[in-house]
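K.L.:
From the sequence below, what's the structure:
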Amino acid sequence: MSQHPATSLPSPHVLTQPMAMELLGPDAAVRIDTSVGYHSRDPHALSIAFHLLGEESVMWRLDREMVVAGSLGPAGEGEVHLRPAPDGGLLLLLGGAGHRATIRCDQEELARFVRGTFVLVPQGTEERHLDWRPLLASLRR
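P.N.:
Numbering: from 1, shown residues only. Prediction:
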């Protein structure tokens, strides 16, 4: 089996930003503190950590291109759906049928964050930021 020369990966970059969001209930909206994150070694995904009182943070991962699409119209599949809110916000519908949470965030604030991810890792260059070596090493065992 021939060895391929090691490909040099770009330096990793991490973005994090605190962001207030709201859990929309039937009678009221409840503020939730979150942290939105991005790591260039996982170039397609955003993470949102929901910081809940007295509990560990709950982490959801979203495709960054789905967030862009969801700001323009309904988008998503499975347990993650997004759509513009009538007031200019962005609605995140997280969870399965019957157990879905509706979260509202500031669409422009999240859009600025997502634009920052595309500055770090432009669309179409994501594969250059993935480190395949650990996977390949595990397959060779």
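K.L.:
In the chain, what residue spans correspond to strands?
P.N.:
Using DSSP state E, the strands of the chain run over 14-24, 29-39, 45-51, 58-63, 75-77, 80-84, 90-94, 101-105.
K.L.:
among those strands, which is the most enclosed?
P.N.:
Comparing the strands of the chain on average neighbours per residue, with mean count of other C-beta atoms under 10 Å, the densest one is strand 90-94 at a mean of 20. Glycine gets a C-beta too; all of them are placed from N, C-alpha and C.
K.L.:
which other helices and strands contact that strand?
P.N.:
strand 58-63, helix 64-72, strand 80-84, strand 101-105 (3 or more C-beta pairs under 8 Å, 6 or more residues apart in numbering; DSSP states H and E).
K.L.:
Point to the residue nearest the middle of the protein.
P.N.:
When C-alpha atoms, centre = their mean is applied to the chain, the residue found nearest the centroid is residue 46 (2.1 Å).
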